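[1] Got a sequence here, can you build the structure:
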Amino acid sequence: MRAGLGAPLRHPDFRALLAGRTAAEFGNAIAPVALAFTVLDLTGSLVDLGLVVAARSLANVALLLLGGVLADRLPRGVILQGTELAAFLTQGLIALSVLSGFASIPLLVVVGAANGAVAAISLPAAASLTPQTVPPELLTPANALVRMAVNTGRVAGAALGGVLVAAAGSGWAIAVNACVFLAAALAYHAVRVRGPVRTERQSPLAELAAGWREFTARRWVWLVVVQFMVVNAVISGCVVVLGPAIADDTIGRAAWGFVLAAHTAGAFVGGVLVARWQPRRALRVGVAVTMLDAVPLVLLAELPQVVPLLLAMFVAGVATEQFVVAWDVSLQENIPEDRLARVYSYDMLGSFVALPVGEVAAGPLAARFGVEATVLGGAAVLTVVTLLTLLSGEIRGLERKLVGTRE
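    Okay, here's the model as predicted:
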């Protein structure tokens, strides 16, 4: 009998990690909603809002690789405690400035950059901590639970952020946000795992180079990252940018919200499915089902109706979880523990760079070729790059190390 979805919860360190990840994602979802309305209440300027958001994003990208180095040097639970405490302090400062009347755009830019830096340092540590909290045979259900917690935090946090801003104002919303980050820090304090085993200590640049060699040494790793640089760029451009424009002309804004929610619902179901169905060549399955992301794009262009889009987005959400969990488990089983966070940081950097590229390119491409042609072209590119990735024998043949373990 395979390990059940609840089996990882028997381990105290994993329970603490899960609570911390949930609270952190909850806080990270509240923050942009509350911050956006803070800027708009302060100046009403979209330019100012762009500056504040860009400061956070730039700091995030700039320090992501450093976060991987630190997470391979230091106890990852300690890093997560520190970053969540820093997020608590920075958000608390913003809340105090708003409620006391001394908030300004320069202050929000500086604190936003600090928040971006904190997030960059925390991400590789959070991703690479899971295999230290459960036995190897529980990696799949553990990663499935983490993904379900992440999705829960993101959905509930975004909804609560809007409610708090409307009910109490942006200052109090950010104050609540700060308290959520404090709760995450307290949860991470209960994670009692050892730090990565290091045989030598090098300079940060040398460790980055070592992480790059580890990242490029396995063809299946960098091929999948390249694939998802393209996939993420296509999805961000076609769904995030062009999707609302299509919805405005067809199904309406309210229906578009339900379509996006269907993807999240599919992700929840996918999390349960992936914990119970663990194919030996999970990465091959995960990469292959990525092609299902092309179906909503084709429907957006050719058949923008509510029911087909709801079904397609739900299935795409299920498929997304199959890939994400298979990817995490593949990295965690095959990358040495003391280099795992650096490999994750290169993976994340590829995703972070791809998102704005797709968002920026979508508008000009749609203006040149038309919205429908651009979305169909995105679906074709996504399908072709996935098929090319599957040509790799390493991806098709990579096997799970532990499948079908009895509880």
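[2] From here on, just use CA atoms for contacts and neighbour counts.
    Will do.
[3] which helices and strands does the strand or helix carrying Ala262 pack with?
    Ala262 is part of helix 253-276, with elements assigned from DSSP states H and E. For helix 253-276, the packing partners by 3 or more CA pairs under 8 Å, 6 or more residues apart in numbering; DSSP states H and E come out as helix 139-168, helix 243-249, helix 306-334.
[4] Compute the distance from the centre of that helix to the centre of its chain.
    15 Å (CA atoms, centre = their mean, to the nearest Å).
[5] Repeat that for stretch 156-170.
    The answer for stretch 156-170 is 21 Å, by CA atoms, centre = their mean.
[6] so where's the protein shaky on pLDDT?
    1-3, 46, 195-201, 402-407 (pLDDT under 70).
[7] now the strands for it?
    Counting by DSSP state E, the chain forms no strands at all.
[8] thinking again about what came up before, which of the helices and strands packed on helix 253-276 sits closest to His11?
    helix 139-168 (10.3 Å; CA to CA).
[9] what angle sits between that closest one and helix 253-276?
    150 degrees (axes from the mean of the first three to the mean of the last three CA atoms, to 10 degrees).
[10] Give me the contacts around the helix holding Ala262.
    Contacts of helix 253-276 with the rest of the structure, by CA atoms under 8 Å, 6 or more residues apart in numbering, involve 2-5, 140-141, 144-145, 147-148, 151, 244, 247, 306, 309-311, 313-322, 325.
[11] mind redoing it with 7 Å?
    Residues outside helix 253-276 that contact it (CA atoms under 7 Å, 6 or more residues apart in numbering): 4-5, 140-141, 144-145, 147-148, 247, 306, 309-310, 313-322.
[12] returning to that earlier point: let me have the helices and strands packed on helix 253-276 in JSON lines, extended by mean neighbour count.
    Formatted as JSON lines, the helices and strands packed on helix 253-276 follow (neighbours: other CA atoms under 10 Å):
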{"stretch": "helix 139-168", "mean neighbour count": "21"}
{"stretch": "helix 243-249", "mean neighbour count": "17"}
{"stretch": "helix 306-334", "mean neighbour count": "22"}
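[13] Flag every buried residue along the helix holding Ala262.
    By neighbour count on 16 or more other CA atoms under 10 Å, the buried set for helix 253-276 is 255-256, 259-276.
[14] do the same with stretch 25-35
    25-31, 33-35.
[15] and if you look at stretch 132-140?
    132-134, 136-140.
[16] okay, now the nearest residue to Arg192 once chain neighbours are set aside: neighbour count?
    Closest residue to Arg192 apart from its sequence neighbours, by CA to CA, 6 or more residues apart in numbering: Asp13 at 6.3 Å. A total of 24 residues lie near Asp13 under the criterion other CA atoms under 10 Å.
[17] mind listing what Asp13 touches?
    So Asp13 contacts 133, 190-192 (CA under 7 Å, 6+ apart).
[18] out of the residues you listed, which is most surrounded?
    Using other CA under 10 Å as the neighbour criterion, Val191 leads the contacts of Asp13 with 24 neighbours.
[19] In this structure that one contacts Ala19, no?
    No. In this structure, Val191 is not within contact of Ala19 by CA atoms under 7 Å, at 10.2 Å.
[20] Spit out the residues that contact these two alike.
    In contact with both Val191 and Ala19: no residue, using CA under 7 Å, 6+ apart.
[21] OK, contacts around the residue nearest to Val180 when sequence neighbours are not counted?
    Nearest residue to Val180 in three dimensions, chain neighbours excluded: Gly27, at 5.6 Å (CA to CA, 6+ apart). Gly27 makes contact with 157, 177, 180-181, according to CA under 7 Å, 6+ apart.
[22] swap the cut-off to 10 Å and go again
    Neighbouring residues of Gly27 by CA atoms under 10 Å, 6 or more residues apart in numbering: 21, 84, 87-88, 153-154, 156-158, 160-161, 174, 176-184.
[23] do Thr83 as well
    Contacts of Thr83 (CA under 10 Å, 6+ apart): 77, 89, 115, 117-123, 181, 184-185.
[24] export those residues to TSV and tack on distance to Val69 and neighbour count?
    Converted to TSV, the contacts of Thr83 look like this (distance: CA to CA, whole Å; neighbours: other CA atoms under 10 Å):
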residue	distance to Val69	neighbour count
Gly77	15	28
Leu89	24	18
Asn115	19	26
Ala117	14	26
Val118	14	26
Ala119	14	26
Ala120	11	27
Ile121	9	25
Ser122	11	25
Leu123	12	21
Phe181	23	28
Ala184	22	30
Ala185	21	28
